[in-house]
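Peer 1: Coordinates for the following, if possible.
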Amino acid sequence: MTYRSSSPYAPPRRPRRPSLPRPPRRGTPPHRGRLTRRGRLALLLGAVLTVTAGVAVPLLLTHDGPAVEQPRTLLVPEGWRSGQVYRAVDRALRLPDGTARRTATTPGALPLPAPAGGNPEGYLFPATYPVLSTTTPEALLRFMADTAAKHYGTARIAEGARAHGLSVYETVVAASIVQAEADNPEDMAKVARVVHNRLARGMALQMDSTLHYGLGRSTVDTSHEDMRSDSPYNTYARKGLPPTPIGNPGDEALDAVIRPADGDWLYFVTVAPGDTRFTADYTVHQANVAEFNANRAAEKR
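Peer 2: Numbering: from 1, shown residues only. As a prediction, the model looks like this:
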């Protein structure tokens with residue numbers, strides 16, 4: 001179990017709803033930024049075609065006129081934390097460090113749900129976004145939040161959340177954990193089941209991913225001192241979900257939370273890359289953890 005007209009984004013008239021390596025927790029393999037092929041193609045195509053008539057129409061109609069700027073692309077991989085997104089936006093738009101963060105955290109700047117309390121974490125949707133020289137950080141970040149609202153705001157997600165006794169926001173929180181703790185859809189569905197099983201039993205989640213998020217770091221090891229931290233993201237010491245998402249999950253992680261695998265698992269640990277073991281037996285889990293620790297010690301030699 002884990003111990004481990006000229007802008008391409010025309011701002012709306014009013015706010016509207018439109019895999020940094022992760023430590024290989026004693027619950028999961030290292031997280032790799034990634035985006036599904038379907039997500040990359042669909043998002044980029046949709047964005048380029050619809051961001052603004054001021055770009056799309058010239059691309060289609062001007063043959064002998066002035067050259068039209070071709071959009072560059074900004075890839076936001078699944079599971080990136082907001083801080084990673086902000087740095088990427090600053091680089092893509094050639095802005096001073098911290099510009100995107102200040103923009104995103106300005107009250108009312110982005111269309112976020114009330115439970116988010118103005119925190120964009122979890123709502124900077126992972127996708128490939130077009131960028132022009134005239135793109136502003138507010139427009140780009142708003143486009144990400146609008147994209148998240150479209151993905152999270154469907155009846156399917158709402159119904160799936162209710163089926164598991166969660167709100168949509170809580171579902172996004174859970175999906176961010178699943179995204180951080182698993183590297184493929186099959187394991188995502190199993191990790192989601194562990195999350196649901198532990199919540200149903202009133203057990204602490206004990207996820208390294210949430211603990212290290214709260215400590216503002218990414219590391220391969222978790223100490224006993226870490227587990228005693230007062231962070232609200234310390235799911236060793238606190239029961240229930242953390243207060244916010246711990247990253248920006250993609251569709252696969254969200255699907256895993258609303259449609260988890262069937263199983264009675266309460267623990268999991270990745271003993272080696274590609275070998276994540278799930279169990280409901282604590283004794284078996286301890287043996288798996290011992291194997292993980294042995295592998296980890298061998299890596300340090």
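Peer 1: Helices along the stretch 151-300 of the chain, start to end?
Peer 2: Using DSSP state H, counting those that start in this stretch, the helices of the stretch 151-300 of the chain run over 155-163, 168-181, 185-201, 208-214, 224-227, 251-258, 282-300.
Peer 1: Surely residue 129 touches residue 85?
Peer 2: No - look at residue 129 against residue 85 with CB atoms under 8 Å: they stay out of range, at 10.3 Å. All C-beta spots, glycine's among them, are computed from the backbone N, C-alpha and C.
Peer 1: For residue 90, which of the helices of the stretch 151-300 of the chain is the nearest?
Peer 2: Ranking the helices of the stretch 151-300 of the chain by distance to residue 90, with CB to CB as the measure, places helix 208-214 first at 21.0 Å.
Peer 1: chain center to the closest one, what's the gap?
Peer 2: 13 Å (CA atoms, centre = their mean, to the nearest Å).
Peer 1: Next: stretch 198-217.
Peer 2: The chain centroid and the centroid of stretch 198-217 are separated by 15 Å under CA atoms, centre = their mean.
Peer 1: ok, and for that stretch, which residues are buried?
Peer 2: 198, 199, 205, 206, 207, 208, 209, 210, 211, 212, 213, 214 (16 or more other CB atoms under 10 Å).
Peer 1: okay, it in PDB with CA atoms only?
Peer 2: Extracted C-alpha coordinates of stretch 198-217, given in PDB (Å, rounded to 0.1, in the frame of the first residue of the first chain):
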ATOM      1  CA  ARG A 198     -10.500   2.200   2.500                       C
ATOM      2  CA  LEU A 199     -12.900   5.100   2.500                       C
ATOM      3  CA  ALA A 200     -15.800   2.700   3.100                       C
ATOM      4  CA  ARG A 201     -14.000   1.100   6.100                       C
ATOM      5  CA  GLY A 202     -13.000   4.400   7.600                       C
ATOM      6  CA  MET A 203      -9.300   3.600   7.100                       C
ATOM      7  CA  ALA A 204      -6.700   6.200   6.400                       C
ATOM      8  CA  LEU A 205      -5.700   6.200   2.800                       C
ATOM      9  CA  GLN A 206      -1.900   6.100   3.600                       C
ATOM     10  CA  MET A 207      -0.800   7.400   0.200                       C
ATOM     11  CA  ASP A 208       2.700   8.700  -0.200                       C
ATOM     12  CA  SER A 209       1.500  10.800  -3.200                       C
ATOM     13  CA  THR A 210      -0.600  13.000  -1.000                       C
ATOM     14  CA  LEU A 211       1.900  13.200   1.800                       C
ATOM     15  CA  HIS A 212       4.700  14.400  -0.500                       C
ATOM     16  CA  TYR A 213       2.400  16.800  -2.300                       C
ATOM     17  CA  GLY A 214       1.700  18.500   1.000                       C
ATOM     18  CA  LEU A 215       5.400  18.700   1.800                       C
ATOM     19  CA  GLY A 216       6.000  20.300  -1.600                       C
ATOM     20  CA  ARG A 217       8.400  17.800  -2.900                       C
END
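Peer 1: returning to that earlier point: need the residues touching each of residue 129 and residue 85.
Peer 2: 76, 144 (CB atoms under 8 Å, 6 or more residues apart in numbering).
Peer 1: Among the buried residues of stretch 198-217, find me the one that's closest to residue 251.
Peer 2: residue 209 (19.0 Å).
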